[in-house]
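Participant: heads up, no residue letters with this:
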């Protein structure tokens with residue numbers, strides 16, 4: 001056991017991140033994994049996010065006794081949070097915040113960890129985290145004194161994902177239809193679920209599929225025509241999603257950060273590129289033979305997805321994918337990130 005010495009800032013870790021019906025919950029979910037690691041070490045965390053716009057995401061914070069302040073979007077709003085909380089570390093994870101917010105946090109003297117997916121894009125920070133596959137092979141210059149943590153060794157996994165990784169997959173009846181789980185982010189902002197459900201229905205294969213979605217998407221998925229031997233059920237987003245992943249023979253997902261979670265559990269994944277910013281991840285994971293590429297969402301709408309047939313038909317392919325994916329994400333990324341942060345910026349006096 002070692003004691004982390006106090007810094008000049010004695011408050012909690014402040015996490016400011018994107019979340020919402022149009023932006024999805026990926027930023028919040030990976031920050032939640034980081035927050036869990038900090039909490040396990042006795043370090044308090046406060047979020048600033050529009051979590052209430054996605055009630056089930058807000059519930060995840062409440063379950064972990066994580067305070068959530070209203071979202072901050074400007075430098076002045078962030079400076080107000082700094083004055084109020086005096087955080088020893090600030091975490092920013094956003095596609096929307098301007099670079100001036102990052103500059104303001106650093107100018108105020110608070111250590112800053114920035115989660116990035118697309119280079120630095122003019123954002124200043126003390127520590128950059130790019131948890132994407134292959135990021136470690138890209139040369140990205142950082143400001144003097146800063147460090148960049150890159151690649152799947154630093155992928156942030158929540159407690160439920162790590163628990164599922166350590167669990168045993170339920171036995172499968174070889175005569176039964178393949179069990180399919182389909183989810184496309186917490187809010188499916190691009191409307192992928194109905195498109196994929198229709199494609200499954202027209203595949204000509206047997207399957208027993210569960211789609212995770214709500215609202216209009218759930219209604220459209222539920223209305224898809226299915227043939228004999230095909231079944232589609234719809235459930236709402238659930239904190240037990242990792243258990244569903246573990247039980248599935250095939251998981252269909254958008255090519256966002258949730259793919260790294262699926263790999264950690266050891267899922268046989270078919271990925272859809274649902275947005276332009278998912279293109280690098282889609283190309284990387286399919287090139288690494290860790291998932292089957294189903295194509296771009298607009299192509300799926302026209303019926304082009306031979307990958308679904310391969311996944312449903314070939315158990316040996318699915319087992320190869322599970323083994324390959326699981327070997328690439330070990331579930332200890334968040335530990336490495338927090339270790340590095342504590343090495344650089346000793347947190348408040350806390351027994352670790």
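Facilitator: Received it, and whenever you're ready, just let me know what you need. None of these values were measured; they are calculated from a predicted model. Numbering: from 1, shown residues only.

Participant: so what does the one helix or strand residue 196 maps to touch, helix or strand wise?
Facilitator: According to DSSP states H and E, residue 196 maps onto helix 192-201. Packing partners of helix 192-201 (3 or more Cβ pairs under 8 Å, 6 or more residues apart in numbering; DSSP states H and E): strand 179-183, strand 207-212, helix 215-222, strand 230-235, helix 297-300. All C-beta atoms are positioned from the backbone trio N, CA, C, and that covers glycine.

Participant: what does the shortest one contact?
Facilitator: Helix 297-300 is contacted by residues 190, 192, 195, 196, 199, 272, 273, 274, 275, 294, 305 when judged by Cβ atoms under 8 Å, 6 or more residues apart in numbering.

Participant: What are the contacting residues of the helix holding residue 196?
Facilitator: With contact meaning Cβ under 8 Å, 6+ apart, helix 192-201 is reached by 180, 182-184, 207, 209, 211-213, 217-218, 220-221, 224-227, 230, 232, 252, 254, 272, 274, 294, 297, 300-301, 303, 305, 308.

Participant: hmm, back to that, let's have the helices and strands packed on helix 192-201 in JSON lines, adding distance to residue 79.
Facilitator: Below are the helices and strands packed on helix 192-201 laid out as JSON lines (distance: least, Cβ to Cβ, whole Å):
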{"stretch": "strand 179-183", "distance to residue 79": "37"}
{"stretch": "strand 207-212", "distance to residue 79": "38"}
{"stretch": "helix 215-222", "distance to residue 79": "37"}
{"stretch": "strand 230-235", "distance to residue 79": "42"}
{"stretch": "helix 297-300", "distance to residue 79": "39"}
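
Participant: The ones you listed into TSV, with extra columns for distance to residue 13 and mean pLDDT?
Facilitator: Listed next are the helices and strands packed on helix 192-201 as TSV, based on distance: least, Cβ to Cβ, whole Å; pLDDT from 0 to 100:
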stretch	distance to residue 13	mean pLDDT
strand 179-183	29	96
strand 207-212	30	97
helix 215-222	33	93
strand 230-235	33	96
helix 297-300	36	86
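
Participant: Of those, give the one that comes closest to residue 58.
Facilitator: Taking Cβ to Cβ, helix 215-222 is the member of the helices and strands packed on helix 192-201 nearest to residue 58, at 16.6 Å.

Participant: ok, back up a step: return the most buried member of the helices and strands packed on helix 192-201.
Facilitator: Greatest average neighbour count among the helices and strands packed on helix 192-201 goes to strand 179-183 (a mean of 24), per mean count of other Cβ atoms under 10 Å.
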